[in-house]
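Q: From the sequence below, what's the structure:
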Amino acid sequence: MTLVDQITGRGSYTAVKAPCVTATTANITLSGAQTIDGIAVVAENRVLVKDQSIAKDNGIYIVSTGAWARANDANKTGDLVKGTRTYVFSGTVGAGEWELTSGNPVEIDTDAITWSYAASAINLLSQFLETSSTSFSIGTGSKVFTVSGGKAFVVGNFVLVTDDAAPTTNWMFGQITAYSGTSMTINVTVVAGSGTFTAWTISVSGARGATGATGGAGVLGVVTKTNSDHPYTAVAGDTSKVFLLDASSGVLTIALTAAGTLAASWDMWFIATDVSNAITIDPDGSETISGASTFVFGHVGQAIHVVCDGSNFHIMSSHEEIASQAEAEAGTDTAKRMTPLRVKQAIAYNAGWALIEARAISGSPSQEDFVSLSSYRDLRITIDGLSTAGAVACTLRVSTDNGSTYKAGSSDYRSEDGGNRSSIRIFDTLEAAENNYMTSFIFDLNDSARKARGLMVSDISFASNRHDTRAVAEANDAIRIIFGGSTADAGTLILQGRRV
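A: Numbers count the residues shown, from 1 in each chain. Here you go, the predicted model:
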């Protein structure tokens, strides 16, 4: 058995030499401690010298504080032959296995000595490993890494970028879109973990397969579509996939292959992740999607499940924003849906009366104004618990300018017998020293289409049951209630309304 000193390389092997700490990348001075390919070498380190200006000076050397000497296993004729290899185990550029490629015989200090990167499995693996200290946060999108360069990566390679400190926790997966010199651009599509890091390892990877319980294009297979795919045609192979639709950079249309081609039971899920621009699902030709020619997404997070019946397409489920109670009662938003409870609330609200204001009155008020009533068609006015110093009447006037002025002419209102009036009588008599409780109604307060309106029906407790009318069509938006005399005790004036 032949023994080899791992420092000096003493021994008779010529095929494989003892490993070296690092390898040169340029011409160096063969003396003293120095930094080579990012490695600070010290006395007794083995260094592969391969880039000297005079090729005969190349070889394997032992570092010294003074002049370097050739290693004992590579310092005489016969120690090196064509094909001799040595492994360099550190360095930014030169790590890997090197092979002597100059021709035989190799006479030390006379013949040129040429080392080349060996065609070996070790080196093949290293060709698909890059490192980078570029600061990036975990996240998707295009990222430009500064790398060492000169590796075997090409545009189109799928790569995994891992945080050196926690590679299984923090990583990014994507595809190389540009690689030149020391710059590598990666379009990151899938990530794990979070944070900002500056020590990355980039390794070649396979294309990321679809996820899901069934494998292949499984029911949970997820694909992101953006405006760069516009327009995209969904085909038979897309069945049961989930498309995440991102319109942040431009419009996006997903066209559906003819229903007859896709056949019955073909289905897909579509989820809008960004609706900065229009996202449209467009069936083939005259075919429809739930009876419509197209479907347009309305908001982020909206999801639809599209199923083909062989002739047309149907939306089997849809996640839409739920209307609030106020929105349901107003009934003005067609892009939101209502729960059964919201429907019930809206029906009950619009069929009944909503409280506009319950106003406490006391002292000696002469009038009370209520404005901003344009959204109400009918009003109900109730006097609750108000006692007066004497028996008085209570009248009302209307406004078309939200209370800036009130109709007060002698012929602005007409009584049921056709007489002219300057106000509407809503309560004939508020009895003295009694807690009056009375109700009057104003119908069609805000209805500019009517030629003549019944504006007031007085409380049913009055036998006269008076009706005063207006002879013109107006949209009124405020009322003024006028008291015929002073009041003594506190009470409440309640105004309720039914919306237009």
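
Q: Find the residue closest to N277 in space, skipping its chain neighbours.
A: Beyond its immediate neighbours in the sequence, the residue positioned closest to N277 (C-beta to C-beta, 6 or more residues apart in numbering) is A247, lying 4.1 Å away. For glycine as for every other residue, the C-beta is placed from the backbone atoms N, C-alpha and C.

Q: actually M316, not the one I typed
A: Take M316 and drop its neighbours on the chain: the residue closest to it by C-beta to C-beta, 6+ apart is H305, 4.5 Å away.

Q: do the same with T86
A: Ranked by C-beta to C-beta, 6+ apart and with sequence neighbours excluded, the top spatial neighbour of T86 is K17, at 4.2 Å.

Q: contacting residues around the one you found?
A: G9, I60, A71, D73, A74, T84, R85, T86 (C-beta atoms under 8 Å, 6 or more residues apart in numbering).

Q: Please report which of the residues you listed has the highest neighbour count.
A: Neighbour counts for the contacts of K17 peak at I60, which has 28 neighbours (criterion: other C-beta atoms under 10 Å).

Q: ok, what's across the strand from it?
A: L48 (DSSP bridges).

Q: for Q34, same thing?
A: For Q34, the beta-bridge partners under DSSP bridges are V41.

Q: what number of residues lie near it?
A: 15.

Q: do the same with the one 10 residues further on
A: Number of residues near E44 (other C-beta under 10 Å) recorded here: 11.

Q: One more: A15?
A: Using other C-beta under 10 Å: A15 sits among 8 other residues.

Q: do P19 as well
A: Counted with other C-beta under 10 Å, residues neighbouring P19 total 15.

Q: show me what contacts it?
A: In this structure, P19 makes contact with R46, T86, Y87, V88, F89, judged by C-beta under 8 Å, 6+ apart.

Q: change it to 7 Å
A: Shown here is P19, whose contacts under the criterion C-beta atoms under 7 Å, 6 or more residues apart in numbering are T86, Y87, F89.

Q: and what of V223?
A: K241, F243.

Q: In three-state terms, label the residue nearest to M316 for me.
A: Under the three-state scheme (DSSP: H, G, I helix; E, B strand; the rest coil), H305 adopts strand.

Q: That one and M268: what is the separation?
A: For H305, the distance to M268 under the criterion C-beta to C-beta, to the nearest Å works out to 8 Å.

Q: ok, now G59?
A: Applying C-beta to C-beta, the value for G59 to M268 is 65 Å.

Q: one step back: burial of the residue nearest to N277, as a residue count?
A: When counting by other C-beta under 10 Å, one arrives at 23 neighbours for A247.

Q: Could you do the one 10 residues further on as well?
A: The tally of other residues near T257 (other C-beta under 10 Å) stands at 16.

Q: ok, it touching G285?
A: No - taking C-beta atoms under 7 Å as the contact criterion, T257 and G285 are not neighbours in contact, 10.7 Å apart.

Q: For the protein, name the helix or strand with the lowest mean pLDDT.
A: strand 453-457 (a mean of 48; mean pLDDT, DSSP states H and E).

Q: so who does the residue nearest to N277 touch?
A: N227, D274, V275, S276, N277, A278, I279.

Q: ok so, going back, neighbour-wise, which of H305 and M268 wins?
A: Between H305 and M268, M268 has the larger neighbour count (other C-beta under 10 Å), namely 22 against 15.

Q: That one - nearest residue in space that isn't next to it in sequence?
A: Across the structure, with C-beta to C-beta, 6+ apart as the measure, the residue nearest M268 apart from its sequence neighbours is V306 (5.3 Å).

Q: Check V47 too.
A: Excluding the flanking residues, the one nearest V47 by C-beta to C-beta, 6+ apart is Y61, at 5.3 Å.

Q: just I383 next, same as before
A: Of all residues apart from its sequence neighbours, M438 sits closest to I383 (C-beta to C-beta, 6+ apart), at 4.8 Å.

Q: Which of the helices or strands spans that neighbour?
A: M438 belongs to strand 436-442 when assigned by DSSP states H and E.

Q: same for that strand, what does it pack against?
A: Helices and strands touching strand 436-442, as assessed by 3 or more C-beta pairs under 7 Å, 6 or more residues apart in numbering; DSSP states H and E, comprise strand 376-386, strand 424-430, strand 453-457.

Q: Pull out the buried residues from that strand.
A: Of the residues in strand 436-442, those buried by neighbour count under the rule 16 or more other C-beta atoms under 10 Å are N436, M438, T439, S440, F441, I442.

Q: check contacts around the nearest residue to L129 once chain neighbours are set aside.
A: Nearest in space to L129, with sequence neighbours left out and distances taken as C-beta to C-beta, 6+ apart, is S203 at 5.5 Å. Shown in contact with S203 (C-beta under 7 Å, 6+ apart): F128, L129, V159, L160.

Q: Name the nearest of these relative to S183.
A: The shortest separation between S183 and any of those is 14.2 Å, and it belongs to V159 (by C-beta to C-beta).

Q: wouldn't that closest one be in contact with N187 here?
A: No - the pair formed by V159 and N187 falls short of the contact definition of C-beta under 7 Å, at 10.1 Å.

Q: Next one, pLDDT for R480 please.
A: What the model reports for R480 is a pLDDT of 92.

Q: What residues does it make contact with?
A: Residues in contact with R480, defined by C-beta under 7 Å, 6+ apart, are Q367, D369, L396, R397, Y406.

Q: Put the buried members of the residues you listed into a PyMOL selection.
A: Per 16+ other C-beta under 10 Å, the buried members of the contacts of R480 correspond to this PyMOL selection:
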select buried, resi 396+397+406
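
Q: Without its sequence neighbours, what residue ends up closest to E368?
A: Counting by C-beta to C-beta, 6+ apart, the nearest residue to E368 once its immediate chain neighbours are dropped is I481, at 4.8 Å.

Q: Specify the beta-bridge partners of the one you found.
A: The residues that I481 bridges to, once DSSP bridges is applied, are E368, L396.

Q: where does this structure dip in pLDDT?
A: Within the chain, the stretches with pLDDT under 70 are 1-13, 118-127, 208-221, 317-352, 365, 415-418, 433, 447-473, 485-490, 500.

Q: Repeat the analysis, applying 50 as the threshold.
A: Low-confidence segments of the chain, defined by pLDDT under 50, span residues 1-2, 10, 12, 121, 212-220, 449-454, 456-466, 471.

Q: for A152, helix, strand, or coil?
A: Secondary structure for A152, judged by three-state DSSP, is coil.
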